[in-house]
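[1] Build the 3D model from these lines:
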Amino acid sequence: MNDSTITLPWLVIRQDDNGNRYRVGRYATRAEAEKIADSLDDRGHKQLYWVERIGPNGTP
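    Numbering: from 1, shown residues only. Predicted coordinates for the structure are as follows:
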């Protein structure tokens, strides 16, 4: 694998008070994605953050 084919299969998703969902970012490892989700969650806002993995065809 070279730099042009690095995949980022882990997503951090945010859901707001109205149920709208947004992709916050994509990450190479689950640990990295969870660290970001936890740091955002620790801010105390009402949004919900979680981690999902994207499958090989681009779907969670």
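[2] Once you drop chain neighbours, what's closest to Leu40?
    Tyr49 (5.0 Å; C-beta to C-beta, 6 or more residues apart in numbering). Bear in mind the C-beta positions are built from the backbone N, C-alpha and C, glycine included.
[3] quick one: contacts for the one you found?
    Tyr49 makes contact with 12-15, 24, 37-38, 40-41, according to C-beta atoms under 8 Å, 6 or more residues apart in numbering.
[4] burial measure for the closest residue to Ile54 other than its chain neighbours, as a count.
    Nearest-residue entry for Ile54: Pro9, 4.8 Å, with adjacent residues in sequence omitted and distances by C-beta to C-beta, 6+ apart. For Pro9, the neighbour count with other C-beta atoms under 10 Å is 17.
[5] Could you do Ala37 as well?
    22.
[6] Just say helix, strand or coil for it.
    For Ala37, the reduced secondary structure class is helix; criterion used: DSSP: H, G, I helix; E, B strand; the rest coil.
[7] now it: how far from Pro9?
    Here the distance between Ala37 and Pro9 works out to 15 Å (C-beta to C-beta, to the nearest Å).
[8] ok, the residue nearest to Ile54 touching Val51?
    No: contact criterion C-beta atoms under 8 Å: Pro9 and Val51 do not qualify, at 10.6 Å.
[9] Filter the contacts of Tyr49 down to the ones in helices?
    Cross-referencing those against helices under DSSP state H gives 37-38, 40-41.
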